[in-house]
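> kindly return the folded structure for what I paste below:
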Amino acid sequence: MCELLGMSANVPTDIRFSFAGLARRGGETGPHADGWGISFYDGRTCRSFHEPEPSSRSQLARLLRDMPIKSRIVVAHVRKANRGRVSLENTHPFARELWGRRWTFAHNGQLKGVKRLPLGGFMPIGSTDSEHAFCWMLGRLQARYKALPRPETLDRAVADLAGELHALGVFNMLLTDSRTLYAHCGKRLCYLTRCAPFGKATLIDEDWQVDFAQETTEHDVVTVIATQALTRDECWTDLARGDVLTLRDGAVRLLRPANLA
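Okay, here's the model as predicted:
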């Protein structure tokens, strides 16, 4: 299984602390040594970095850990390959353009029979079931809406599509259209929201502690979502299987797909 990391914030925020913990799990404190990637959003598009090698030994990952790129939405992934060879084209997160926005998707788990689902105008570059699922979701959305729908309408549509994929196996997912970060729990995901009054946090996988009271203002709201808790001294909330979260400006809303309601 791979591991996911996402962030939604109401102000541009640097994710170096959380990414440092995730990167260690890419081949050092965890077995996810088959590639890594991260996307930092800036408006409708993003800066993305990928490598088909362990993040724990990557000079690029080390550079990003030391570089305070601030963003309001981030999606990251460390890979343990089970379908599709270890290669750049199979390294998450995947991205496509739809309705003039850059969409980004990362997944862990296995989806039995997903490649039998018909695709529309989006085609995979690599050979993973994850990228096929992403292309299928975007094709369904494009066929349903001629232009970008209102956030609340898109929330329901994404939740329903995630529910269909959930029926095929384990579908832990992060997806964003640059406005909203969506998360679906197929087996394991957890999250926490940091807001005033801020406190200290210590990584599980590295000897690094941050006092967020010194790094933030009283108006900041930052939600981090991950496969497993990244810090040892904060309260993470576990999601149930089938849960869908929408995260906008750090605020969290819990949905459930119609077929699981």
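> so what strands line up beside the lengthiest strand in the chain?
Using DSSP state E to assign secondary structure, the strand with the most residues in the chain is strand 3-14. With DSSP bridges as the test, strand 3-14 is paired with strand 70-78 (antiparallel), strand 221-226 (antiparallel).
> export the last one as PDB, just CAs?
Once non-C-alpha atoms are left out, strand 221-226 reads as follows in PDB (Å, rounded to 0.1, in the frame of the first residue of the first chain):
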ATOM      1  CA  VAL A 221      -6.700  27.300   9.500                       C
ATOM      2  CA  VAL A 222      -4.800  24.400   8.100                       C
ATOM      3  CA  THR A 223      -6.100  20.800   7.600                       C
ATOM      4  CA  VAL A 224      -3.700  18.000   6.900                       C
ATOM      5  CA  ILE A 225      -4.900  14.500   5.800                       C
ATOM      6  CA  ALA A 226      -2.700  11.400   5.600                       C
END
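> for the longest strand of the chain, which positions count as buried?
Glu3, Leu4, Leu5, Gly6, Met7, Ser8, Ala9, Asn10, Thr13, Asp14 (16 or more other Cβ atoms under 10 Å). For every residue, glycine as well, the C-beta is placed using N, CA and C.
> kindly confirm my reading that Asp160 forms part of a strand.
No. Per DSSP: H, G, I helix; E, B strand; the rest coil, Asp160 lies outside any strand segment and is helix.
> what's the neighbour count on it?
Neighbours of Asp160 under the rule other Cβ atoms under 10 Å: 16.
> that one and Leu111, how far apart?
16 Å (Cβ to Cβ, to the nearest Å).
> one more: Val75?
Applying Cβ to Cβ, the value for Val75 to Leu111 is 19 Å.
> which one of the two has more residues nearby?
The neighbour comparison of Val75 against Leu111 (other Cβ under 10 Å) goes to Val75, with 29 against 23.
> looking at it, the more buried one is touching Arg102, isn't it?
No. The pair Val75 / Arg102 is not scored as a contact, 10.9 Å apart, by Cβ atoms under 8 Å.
> that older thread, of the buried residues of strand 3-14, closest to His132?
Proximity of these to His132 was ranked by Cβ to Cβ; the top entry is Leu4 with 17.9 Å.
> is the closest one in a bridge, and if so with what?
Leu4 has these beta-bridge partners by DSSP bridges: His77.
> just checking, it touches Phe171?
No. Checked against Cβ under 8 Å, the pair Leu4 and Phe171 is beyond contact range at 11.5 Å.
> report the set of residues contacting both of the two.
His107 (Cβ atoms under 8 Å, 6 or more residues apart in numbering).
> how about the helices in this protein?
Counting by DSSP state H, the segments of the chain that form helices are 16-24, 59-66, 129-144, 151-166.
> how many other residues sit next to Val74?
Count around Val74 with other Cβ under 10 Å applied: 28.
> ok, and the closest non-adjacent residue to it?
What sits nearest to Val74 in space, not counting adjacent residues and going by Cβ to Cβ, 6 or more residues apart in numbering, is Met7, at 4.2 Å.
> list the contacts for the one you found?
Counted by Cβ under 8 Å, 6+ apart, Met7 has contacts Thr13, Ile15, Ser18, Ser71, Ile73, Val74, Leu181, Val222, Thr223, Val224, Ile225.
> hang on, the fifth one packs against Ser8?
Yes. Contact between Ile73 and Ser8 holds when scored by Cβ under 8 Å: they sit 5.7 Å apart.
> any common contacting residues for the two?
Counting by Cβ under 8 Å, 6+ apart, the contacts common to Ile73 and Ser8 are Leu181.
> shaky segments in this protein?
Within the chain, the ranges that satisfy pLDDT under 70 run 84, 256-261.
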